[in-house]
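Novice: here you go, sequence then predicted model.
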Amino acid sequence: MRPDAADRAQWSVVIPALQEVQQLPLLLGQLQGPEQVVVVDGGSSDGTAAAAAAMGAHVVHASAANRGLQLAVGAAHATRPWLLFIHADARLPEQWQELLAEALAAEAVIAAAFRLRVRGLGWKLRLLERLVGLRSRWRGLPYGDQGLAIAADDYQQIGGYRPLPLMEDLDLVQRLGQIGRVALAAGAVQVSDRRWRRLGVWRSSWRNARLRAAWRRGIDPQELARRYR
């Protein structure tokens, strides 16, 4: 029998970070309980690692700014039976562990993610959130922005995150979908609108769709990362 996922002490929260000294402390402020917090820094020069350590996180330094690698390194340092992978600009819903426990308890569920809420105004962002919700619920394809919760044993069994500079989330979720269902928890994780603000909602969404299509065609992830930047 697995440990109770509603108990925060049973969780390791893994956070990849790069130049996140402004955003990360706000997330860490939500994680001051009995859970283990592992921050994997990708070479920040803005004091991200020091800020994380000052707030009690276990800080690990990855050899490169590669999110797939950072997530894999963080998982290797996690010691609790449940894993939550979450981005540094995220804000978790209250009682996040109970929401995840409920989702993970459903039949055939191997992992769970949150609904997406983008911090920002405008109907385009609200439409984006609805479309993300539909894709996540009906296709079982949440992306990294939404967090990912999974039992440590199942994570190891599936092979974990691969050291991909891009598409590391889609790669893992597709493998998980081969052995179980990826559920959507009731609560929403809030993320910064900076990416959509920089490029615009439609341009950013179109670019991401093209990158995903290129990845499915077998384009090298290193090349995709260059296009993403």
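Specialist: Everything's here; your move.
Novice: residue ranges with poor pLDDT in this protein?
Specialist: Along the chain, segments meeting pLDDT under 70 span 1, 227-229.
Novice: could you pull out the helices for it?
Specialist: With DSSP state H as the criterion, the chain has helices at 24-28, 48-54, 67-77, 96-104, 123-139, 152-158, 168-176, 194-199, 201-216, 221-228.
Novice: among these, which comes closest to Trp11?
Specialist: Closest approach to Trp11 among the helices of the chain (CB to CB): helix 96-104, 6.1 Å. All C-beta atoms are positioned from the backbone trio N, CA, C, and that covers glycine.
Novice: ok, Trp96 - contacts?
Specialist: Applying CB atoms under 8 Å, 6 or more residues apart in numbering, one finds that Trp96 lies in contact with 30, 84, 114, 187.
Novice: taking those residues one by one, which sit in strands?
Specialist: 84, 114, 187 (DSSP state E).
Novice: including neighbour count, could the residues you listed go into CSV?
Specialist: Below are the ones in strands among the contacts of Trp96 laid out as CSV (neighbours: other CB atoms under 10 Å):
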residue, neighbour count
Leu84, 26
Phe114, 29
Gly187, 19
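Novice: now the residues you listed in JSON lines, with distance to Arg198?
Specialist: Below are those laid out as JSON lines (distance: CB to CB, whole Å):
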{"residue": "Leu84", "distance to Arg198": "27"}
{"residue": "Phe114", "distance to Arg198": "23"}
{"residue": "Gly187", "distance to Arg198": "27"}
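Novice: of those, closest to Arg162?
Specialist: Looking across these and measuring by CB to CB, the closest to Arg162 is Leu84, at 19.0 Å.
Novice: contacting residues for the closest one?
Specialist: 11-14, 96, 100, 147-149.
Novice: do Ile110 as well
Specialist: 150, 154, 176, 179-182.
Novice: which of the residues you listed sits closest to Val191?
Specialist: Val182 (18.3 Å).
Novice: cross-check the contact I'm expecting between that closest one and Ala111.
Specialist: Yes: when contacts are counted by CB atoms under 8 Å, Val182 is listed as touching Ala111 (4.8 Å).
Novice: which residues do these two both contact?
Specialist: 173, 176.
Novice: ok, which of the helices of the chain comes nearest Glu35?
Specialist: Proximity to Glu35 (CB to CB) singles out helix 96-104 among those, at 7.7 Å.
Novice: tally of neighbours for Arg210?
Specialist: 12 (other CB atoms under 10 Å).
Novice: any idea how far it lies from Leu224?
Specialist: 10 Å (CB to CB, to the nearest Å).
Novice: also Gly29?
Specialist: Relative to Leu224, and taking CB to CB, Gly29 is found at 34 Å.
Novice: more neighbours, these two?
Specialist: Comparing Gly29 with Leu224 by other CB under 10 Å, the one with more neighbours is Leu224, at 19 against 10.
Novice: which residue packs closest to the more buried one, ignoring adjacent ones?
Specialist: Spatial nearest neighbour of Leu224, excluding adjacent residues (CB to CB, 6 or more residues apart in numbering): Leu166 at 4.7 Å.
Novice: now do Gly159: how many residues are near it, please.
Specialist: Gly159, neighbours per other CB under 10 Å, totals 11.
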